[in-house]
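Student: all I have is the shape, not the residue letters:
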DNA sequence: AACGTCGTTCCGCCTGGCGGAACATAGATC
DNA sequence: GATCTATGTTCCGCCAGGCGGAACGACGTT
């Protein structure tokens, strides 16, 4: 009877979502065999699930290559969730204004487990090799936004420990150093990081009245573009933006 | 045996997506009873499906009210689809530039059945009551973007007929008038509409080499803000943007 | 206290999902 | 061209798991 463990792998529905998750994670359309391999399921099972998803319109199959990919209908489904999200709604105007006055790329992130989730982004008109994308996750301690949030989180140490343990390249996270850094973040009100080489990020938390950070706004720019004065200007704008947004969010 | 008709309503998976669709369409979290009512399903069935979705992390239940809502995990799932979308990727830079030079809100739409689907939007720094949202659909003939696409679509007449039949307020679509208008759109290269009162939209198609429109870019602004010269400037920028984008897309 | 409404749990029936295997098709290798 | 391998699709008997009616429990209302 295979016990009752089955945390969430048995049954059509969990498998259907597993299919969709691997399909959407893949940059390009996937072959049936690749899916079965990754999911560890039977060919016929995956095929049946895909057939169902095609009928529903959430998956399409390239008639030439036979490869499967998720359709925009899946995107539509999710898009409605975010438009109703209170923080994203509240932040929109502030992000836009901050983008305008700094001229750099600004993003809105929230915490999602030990990661940081990019909710929104307004890119700089000036060129920047900035590849984080809306909807993607990054381990919180590696980013400015994540550190801004963790600085005010009760379980920050646990997050650092788990993240350090899970990272491939251990050099990317020095727990002691980041712990000290979080203290600084609390003092001065903003965090810094260079998650991507050549790109510096500054971030400040959106504080709720419970004194923990609901989200963070970050400004990213190529390292060579920000000198000392530019840095000061960015931080000033960033802090005032977050302060006024917190005021508004607090009223909700 | 209830016959083999079951186009897509029987079985857990179709029902699961039906639940998610109604949940995401609703502006606020829904009660179980509201869901069962709208879906025409058994209480226990909906409840079981919701329980499964909660385990998977796609739905959350407010512990106080008991109301159910979709989570950001569902949004993440869909977000990956759009970042890989070729047209959206190609358009990003052009949209940004067009937004900058016109100073108005620009959007990217594609055709989805008889509707137009908003893929991306870059809002004007100037205030505008502009409520169409990314991921939402609008009947194609009512919008500038839709008309720009239909003007080059073989089945435009069929779309007009179906849309006219399905609209609540019949006055919103005059088939004969729009048919004539599409002819004009082909001649001058752009379409106009006022889908929302007080907001005028201009749109031009992104033409592929098959001489049908893959997508359209539109510029929207409050009617009182655009005088005759502003209008001419917007249209000039719009047309040149679409032309250069078509050139790039054609190379893909 | 009795009623109505809602969410949750239980359980027997039986449908529809399951996976092994057969079939089909297309390249690759000799 | 024949054989082989890897892939996608279809078939089918078995039975797990989904199904919905009904009972239960928790609130709120009159």
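Tutor: Okay, I see it. The model shown is predicted, which means the values in this text are computed figures rather than measured ones.
Student: C-alpha only now, for contacts and for neighbours.
Tutor: Fine.
Student: tally of neighbours for residue A:232?
Tutor: 12 (other CA atoms under 10 Å in any protein chain shown).
Student: just the pLDDT for it.
Tutor: The score at residue A:232 is 96. That number is its pLDDT.
Student: element containing it, please.
Tutor: helix A:228-250 (DSSP states H and E).
Student: that helix - contacts with which helices or strands?
Tutor: Judged by 3 or more CA pairs under 8 Å, 6 or more residues apart in numbering or on different chains; DSSP states H and E, the packing partners of helix A:228-250 are helix A:86-102, strand A:199-207, strand A:213-222.
Student: how about the strands of chain A, start to end?
Tutor: Applying DSSP state E to chain A gives strands spanning A:59-61, A:68-70, A:105-112, A:115-122, A:137-139, A:191-193, A:199-207, A:213-222.
Student: ok, the first one: who's next to it in the sheet?
Tutor: Okay, so that is strand A:59-61. Applying DSSP bridges, strand A:59-61 is found paired with strand A:68-70 (antiparallel).
Student: pLDDT of the strand it pairs with, averaged?
Tutor: Here strand A:68-70 scores 93 as its mean pLDDT.
Student: quick one: contacts of that strand?
Tutor: A:20, A:23-24, A:28-32, A:58-62, B:81 (CA atoms under 8 Å, 6 or more residues apart in numbering or on different chains).
Student: from those residues, which is closest to residue A:170?
Tutor: Within the contacts of strand A:68-70, the smallest distance to residue A:170 is 27.9 Å, found for residue A:24 (CA to CA).
Student: state the distance from the closest one to residue B:43.
Tutor: 32 Å (CA to CA, to the nearest Å).
Student: what is the neighbour count of residue A:38?
Tutor: Count around residue A:38 with other CA under 10 Å applied: 11.
Student: point out where the stretch 101-250 of chain A drops to low pLDDT.
Tutor: A:127-130, A:211 (pLDDT under 70).
Student: in it, what residue comes closest to chain B?
Tutor: Relative to chain B, the nearest point of the stretch 101-250 of chain A is residue A:135 (5.0 Å; CA to the nearest CA).
Student: need the contact list for that residue.
Tutor: A:117-119, B:75-76, B:79-80.
Student: so how many other residues sit close to residue A:226?
Tutor: 16.
Student: and residue A:162, how far is that from DNA strand C?
Tutor: Using CA to the nearest atom of the strand, to the nearest Å, residue A:162 is found at 32 Å from DNA strand C.
Student: before we move on, back to that, can you put the helices and strands packed on helix A:228-250 in a markdown table and add distance to residue B:231 and mean neighbour count?
Tutor: Formatted as a markdown table, the helices and strands packed on helix A:228-250 follow (distance: least, CA to CA, whole Å; neighbours: other CA atoms under 10 Å in any protein chain shown):
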| stretch | distance to residue B:231 | mean neighbour count |
| --- | --- | --- |
| helix A:86-102 | 24 | 18 |
| strand A:199-207 | 39 | 26 |
| strand A:213-222 | 34 | 25 |
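Student: and of those, who's closest to residue B:150?
Tutor: helix A:86-102 (32.1 Å).
Student: show me what the closest one is packed against.
Tutor: Going by 3+ CA pairs under 8 Å, 6+ apart, helix A:86-102 lies up against strand A:105-112, strand A:115-122, helix A:228-250.
Student: tell me the most buried of these?
Tutor: Mean neighbours per residue, mean count of other CA atoms under 10 Å in any protein chain shown, is largest over the helices and strands packed on helix A:86-102 for strand A:105-112, with a mean of 24.
Student: which other helices and strands contact that strand?
Tutor: Checked by 3+ CA pairs under 8 Å, 6+ apart, strand A:105-112 has helix A:86-102, strand A:115-122, helix A:144-150, strand A:213-222 packed alongside it.
Student: of these, which is nearest DNA strand D?
Tutor: helix A:86-102 (25.6 Å; CA to the nearest atom of the strand).
Student: could you report the neighbour count for residue A:151?
Tutor: Residues near residue A:151, counting by other CA under 10 Å, number 27.
Student: quick check: end-to-end length of stretch A:184-195?
Tutor: Stretch A:184-195 has an end-to-end distance of 18 Å (CA to CA).
Student: follow-up on the earlier one: DNA strand C: which of the helices and strands packed on strand A:105-112 is closest?
Tutor: Of all those, helix A:86-102 comes closest under CA to the nearest atom of the strand, at 22.4 Å.
Student: gap between stretch A:189-204 and the chain center?
Tutor: How far stretch A:189-204 lies from its chain's middle: 15 Å, per CA atoms, centre = their mean, to the nearest Å.
Student: now do the same contact list for residue A:46.
Tutor: Neighbouring residues of residue A:46 by CA under 8 Å, 6+ apart: A:19, A:32, A:35-36.
Student: ok, the closest residue to residue A:97 other than its chain neighbours to residue A:94 distance?
Tutor: Leaving aside its chain neighbours, residue A:97 sits nearest to residue B:125 (7.4 Å; criterion: CA to CA, 6 or more residues apart in numbering or on different chains). In this view, residue B:125 and residue A:94 are 11 Å apart by CA to CA.
Student: number of nearby residues for residue A:154?
Tutor: 10.
Student: that one and residue A:162: what is the separation?
Tutor: Residue A:154 is 15 Å from residue A:162, where distance means CA to CA.
Student: what's the answer for residue A:186, then?
Tutor: Where residue A:162 is concerned, residue A:186 sits at a distance of 22 Å (CA to CA).
Student: of the two, which one has the most company?
Tutor: Comparing residue A:186 with residue A:162 by other CA under 10 Å, the one with more neighbours is residue A:186, at 18 against 12.
Student: just give the closest residue to that one, not the sequence neighbours.
Tutor: Going by CA to CA, 6+ apart, residue A:186 has residue A:151 as its nearest residue, at 6.1 Å.
Student: check contacts around the one you found.
Tutor: A:182-183, A:185-186.
Student: what is the nearest of these to residue A:53?
Tutor: Nearest to residue A:53 among the contacts of residue A:151, with distances taken as CA to CA, is residue A:182, at 45.6 Å.
Student: so how far is residue A:202 from the residue lying closest to the closest one once chain neighbours are set aside?
Tutor: Take residue A:182 and drop its neighbours on the chain: the residue closest to it by CA to CA, 6+ apart is residue A:151, 4.9 Å away. Here the criterion is CA to CA. By it, residue A:151 lies 14 Å from residue A:202.
Student: what of residue A:148?
Tutor: The gap separating residue A:148 from residue A:202 is 9 Å, by CA to CA.
Student: find residues that contact each of the two.
Tutor: By CA under 8 Å, 6+ apart, the residues touching both residue A:148 and residue A:202 are A:190-191.
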